[in-house]
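Engineer: Output the structure for:
(one chain, ligands or ions: 1)
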Amino acid sequence: MRVVEPKVMHPGVASLPPLEPGPGMARTTVPVVPGPVDQAELLVLSEFVPPERGVVFPPPQQLAVGHGGAAHQREGEGGGQRDRDAGHGSWEGDAGHPIDRTAALATDVLRPRRYDEDVSVQRVLLAAPRGYCAGVDRAVDIVERALRLYGAPVYVRKQIVHNIHVVRDLERKGAVFVEEETEVPEGATVVLSAHGVAPEVYENSARRRLRVIDATCPLVTKVHLEARRFAKEESTILLIGHEGHEEVIGTSGEAPEHIRLVGDVDEARTVEVPDPTRVSYLSQTTLSVDETNRIIEVLRERFPGIQAPPRDDICYATQNRQDAVKEVARRADVLLVIGSDNSSNSNRLVEVSRAMGTSAYLIDDETEVDEAWLDGAENVGVTSGASAPEWLVDRVLAWLRHRGATEIEEVRVVEEHMAFGLPRGVRDSDLERAGVGA
Ligand code: SF4
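Structural biologist: Model prediction:
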């Protein structure tokens, strides 16, 4: 948790207590309307939702930015409700993120900057496709439907998708995130995350008489089925992926005796197998397409008869987001990737851009942007990982507009129309039967 210490405190907020988050911290609401904002000041309000179960969240989100007097008027044109209100000391959260669900804290008061003079940003190149894939969309929908059907708490094993904002939002609605199914009270409802699980998780859940709703992405399930098939054929499966990632743990659990993990080209050169004539490979769904192809090339050289999965395991969403980043990185001076640091596909987007010589940074939201990254940058690329909701993109775009961007150009490489069906237990028919509406 990073707390921004006030640099110039507005008199009306000077009495705010210091923000010291920690396990068990109680929700705090402070008055955020100290009076008219001085002409020479820019007031930044941040929100902070304290942990309810000992989890410390990332830095507070920027909730509202406002200027007094002339500064307010200069920024007001593109700023919408937030700026208009700010000048009159009447604060509201930005659209879709009402202040009343947060503990709002004024954490920083800065001198207004002459953005038109000291920043260079002119154009935003917005990658498309970006953001939610069909598997993430489905997983989040499943938790929300489970909450409507069965009521809070609904337990969720692991982060349903790797995005801290999504997890926090679902926690507010009544989801309780646990690391293992063994932490879920007997007989309770548990949702399994989009990344898939090993068979023993289903076994443990059955023993505990849990109502299991499986949000595993169907494209991950496909890889599990391939692992089972290759294992049945007594093939050694070289699983290309990152050690410790939940998806890799889940896939490995399908055939632990047969699977060897290959993390990079060096490991592809050295991995040993008992019978080089009975080898196959699979991969994690969210890897770098180019890096994975290099690994596969090495494996094919070493094991000419190696069996491939019938269709690439790297999923359509990973491929499309990387293709879009390549187009953006060709033209951008710097790329901002919206995603959490445990999101594999988001990290790969950063790498793809850097491999093309374009600086790229992973951010959870606009509060994590270091303005030094934008020094001298006229064209700023923006994209979001498959687990980042679009409202985070909106916030980053608003932030960039405040810093001078006047043009937003979408750079689209392909249309996406993928959608997956819901599992039994949370379908429309289940909601209708329960009288909670579809
Ligand atoms: Fe499924 Fe791909 Fe999304 Fe993962 S990134 S949840 S495999 S669609």
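Engineer: Return the residues of the stretch 101-250 of the chain in contact with the ligand.
Structural biologist: With the criterion set to Cβ under 6 Å from any ligand atom, the stretch 101-250 of the chain comes near the ligand through 133-136, 194, 217, 219-220. (Glycine included, C-beta is placed from N, CA and C.)
Engineer: Adding secondary structure and neighbour count, write the residues you listed out as JSON lines.
Structural biologist: Putting those into JSON lines (DSSP: H, G, I helix; E, B strand; the rest coil; neighbours: other Cβ atoms under 10 Å) gives the following:
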{"residue": "Cys133", "secondary structure": "coil", "neighbour count": "29"}
{"residue": "Ala134", "secondary structure": "helix", "neighbour count": "19"}
{"residue": "Gly135", "secondary structure": "helix", "neighbour count": "25"}
{"residue": "Val136", "secondary structure": "helix", "neighbour count": "26"}
{"residue": "Ala194", "secondary structure": "coil", "neighbour count": "29"}
{"residue": "Cys217", "secondary structure": "coil", "neighbour count": "25"}
{"residue": "Leu219", "secondary structure": "helix", "neighbour count": "22"}
{"residue": "Val220", "secondary structure": "helix", "neighbour count": "23"}
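Engineer: contacting residues for the closest residue to the ligand within the chain?
Structural biologist: Proximity of the chain to the ligand (Cβ to the nearest ligand atom) peaks at Gly135, 2.5 Å away. Neighbouring residues of Gly135 by Cβ atoms under 8 Å, 6 or more residues apart in numbering: 194, 217-220, 315, 317, 386, 420.
Engineer: farthest pair in the residues you listed?
Structural biologist: Pro218 and Ala386 (14.3 Å; Cβ to Cβ).
Engineer: more neighbours, those two?
Structural biologist: The residue with more neighbours, out of Pro218 and Ala386, is Ala386; 31 against 15, by other Cβ atoms under 10 Å.
Engineer: Now do the phi/psi pair for the closest residue to the more buried one other than its chain neighbours.
Structural biologist: Of all residues not flanking Ala386 in the chain, Cys133 sits nearest, at 4.0 Å (Cβ to Cβ, 6 or more residues apart in numbering). The phi/psi pair for Cys133 (degrees, to the nearest 10) reads phi -90, psi 180.
Engineer: wait, what's in contact with Cys133?
Structural biologist: The neighbours of Cys133, taking Cβ under 8 Å, 6+ apart as the test, are 217, 315-317, 386-387, 418.
Engineer: Just name the closest of the contacts of Gly135 to Asn347, please.
Structural biologist: The shortest gap between Asn347 and any of the contacts of Gly135 belongs to Ala386, at 11.6 Å (Cβ to Cβ).
Engineer: Quickly list the domain ranges of the chain.
Structural biologist: 1-113, 123-132+316-412, 134-216, 219-302 (automatic domain parsing).
Engineer: Put together JSON lines for the ones you listed, with mean pLDDT on each row.
Structural biologist: Shown next, in JSON lines, are the domains of the chain (pLDDT from 0 to 100):
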{"stretch": "domain 1-113", "mean pLDDT": "33"}
{"stretch": "domain 123-132+316-412", "mean pLDDT": "96"}
{"stretch": "domain 134-216", "mean pLDDT": "96"}
{"stretch": "domain 219-302", "mean pLDDT": "97"}
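Engineer: Out of those, flag the one nearest Ser429.
Structural biologist: Minimum separation from Ser429 across the domains of the chain (Cβ to Cβ) falls at domain 134-216, 11.5 Å.
Engineer: Show the end-to-end separation of the closest one, please.
Structural biologist: End-to-end distance of domain 134-216: 11 Å, with Cα to Cα, to the nearest Å as the criterion.
Engineer: Ramachandran angles for the nearest residue to Leu210 once chain neighbours are set aside?
Structural biologist: Computed as Cβ to Cβ, 6+ apart, the closest residue to Leu210 that is not its neighbour in sequence is Val190, at 4.8 Å. Backbone torsions of Val190, given as degrees, to the nearest 10, read phi -130, psi 140.
Engineer: if I look at Val190, how far off is His224?
Structural biologist: Noted for Val190: a distance of 19 Å to His224, by Cβ to Cβ, to the nearest Å.
Engineer: show me the contacts for Ala127.
Structural biologist: Going by Cβ under 8 Å, 6+ apart, Ala127 touches 321, 324-325, 327-328, 381-383, 411.
Engineer: again, 6 Å this time
Structural biologist: 324-325, 328, 383, 411 (Cβ atoms under 6 Å, 6 or more residues apart in numbering).
Engineer: Doesn't Tyr361 lie inside a helix?
Structural biologist: No: looking at Tyr361 with DSSP: H, G, I helix; E, B strand; the rest coil, it is strand, so not inside a helix.
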